[in-house]
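A.B. asks: What follows is a predicted protein model with its sequence.
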Amino acid sequence: MRARHRGPLLDCRDPFLAWSLARHHTTCADVATRRASLTFCSCVDAVQERVDKAADPQAARIEAQRVGKCLELPDAFPLPEIETLMPGA
């Protein structure tokens, strides 16, 4: 079986998950969004708290990966469409 190489230039999963966590955490601050996605937003809050308390950047990156489990919850909401993030693109 061939080992998969994860070079730093090719692996964007960790930065994406950190970005996703930050976006979801910000969006969950909206009262109506939180009410509609309470379980998901509670999960995101817990993950963000763990990231904030992490001892170092490596530990924070590992904690941010937990947002993937939040995204599996039934009341999770998707990230905004690219058009919303980059108007006119």
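C.D. replies: The structure has been received and is ready for your questions. Residues are numbered from 1 along each chain as shown.

A.B. asks: in the protein, which spans are helices?
C.D. replies: With helices called from DSSP state H, the chain shows them at 13-27, 31-36, 38-53, 57-64, 67-70, 82-85.

A.B. asks: Figure out which of those helices is closest to residue 76.
C.D. replies: Distances from residue 76 to each of these were compared by Cβ to Cβ, and the smallest falls on helix 38-53, at 4.4 Å. Any C-beta I mention is one placed from the backbone N, CA and C, and that applies to glycine too.

A.B. asks: and that closest one with helix 57-64, angle?
C.D. replies: With axes from the mean of the first three to the mean of the last three Cα atoms, to 10 degrees as the criterion, the two stretches helix 38-53 and helix 57-64 enclose an angle of 170 degrees.

A.B. asks: Helix 38-53 - contacts with which helices or strands?
C.D. replies: The criterion is 3 or more Cβ pairs under 8 Å, 6 or more residues apart in numbering; DSSP states H and E, and the helices and strands that helix 38-53 contacts are helix 13-27, helix 57-64, helix 67-70.

A.B. asks: export the first one as CSV, just CAs?
C.D. replies: The C-alpha trace of helix 13-27 is given here as CSV (Å, rounded to 0.1, in the frame of the first residue of the first chain):
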residue,chain,number,x,y,z
ARG,A,13,-7.7,21.2,4.9
ASP,A,14,-6.5,22.6,8.2
PRO,A,15,-6.5,26.2,7.1
PHE,A,16,-10.0,25.6,5.6
LEU,A,17,-11.3,24.1,8.8
ALA,A,18,-10.0,27.0,10.8
TRP,A,19,-11.6,29.5,8.4
SER,A,20,-14.8,27.5,8.4
LEU,A,21,-14.9,27.5,12.2
ALA,A,22,-14.4,31.2,12.3
ARG,A,23,-17.1,31.9,9.7
HIS,A,24,-19.6,29.6,11.4
HIS,A,25,-18.8,31.0,14.9
THR,A,26,-19.4,34.6,13.6
THR,A,27,-22.7,33.5,11.8
